[in-house]
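Enquirer: Let's see this in three dimensions:
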Amino acid sequence: MSQFTPLEIANWMAIYLATSLCCAIAMVLSVSVALHGIWNDRIWQDVRSVKGAALLLPRIWWRWQKLYLLSTPVTLGIIGYFAASLSWR
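Expert: Next comes the predicted model:
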């Protein structure tokens, strides 16, 4: 016996799809902004020593991670508003 009605299942599927879409958009935007920042700052020029080479990947990852995590409140707001707009009855 299913504990969800077909309407609830459809709503949850729509919420998961919308969340996936918002996260994909956030990923593309954060990667593109991070690459633009890396290009402008030319951080690969600091790779003149072993230490600089070892820290290049963490620097790139931190730029991207910071940008991606900053999109979390926006994603939650969009998904929350979308979920509130669905008819649950």
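
Enquirer: The helix ranked longest in the chain - contacts with which helices or strands?
Expert: Longest helix of the chain, by residue count under DSSP state H: helix 6-41. Helix 6-41 makes packing contacts with helix 50-70, helix 72-85 when contacts are defined by 3 or more Cβ pairs under 8 Å, 6 or more residues apart in numbering; DSSP states H and E. (Glycine included, C-beta is placed from N, CA and C.)

Enquirer: which parts of stretch 22-36 are buried?
Expert: 22, 26, 30, 34 (16 or more other Cβ atoms under 10 Å).

Enquirer: What is the nearest of those to Leu86?
Expert: Cys22 (15.4 Å; Cβ to Cβ).

Enquirer: hang on, the earlier thing: which of the helices and strands packed on helix 6-41 sits closest to Leu17?
Expert: The closest of these to Leu17 is helix 72-85. By Cβ to Cβ, the value is 10.1 Å.

Enquirer: Run the angle between the closest one and helix 50-70 for me.
Expert: For helix 72-85 against helix 50-70, the angle by axes from the mean of the first three to the mean of the last three Cα atoms, to 10 degrees is 20 degrees.
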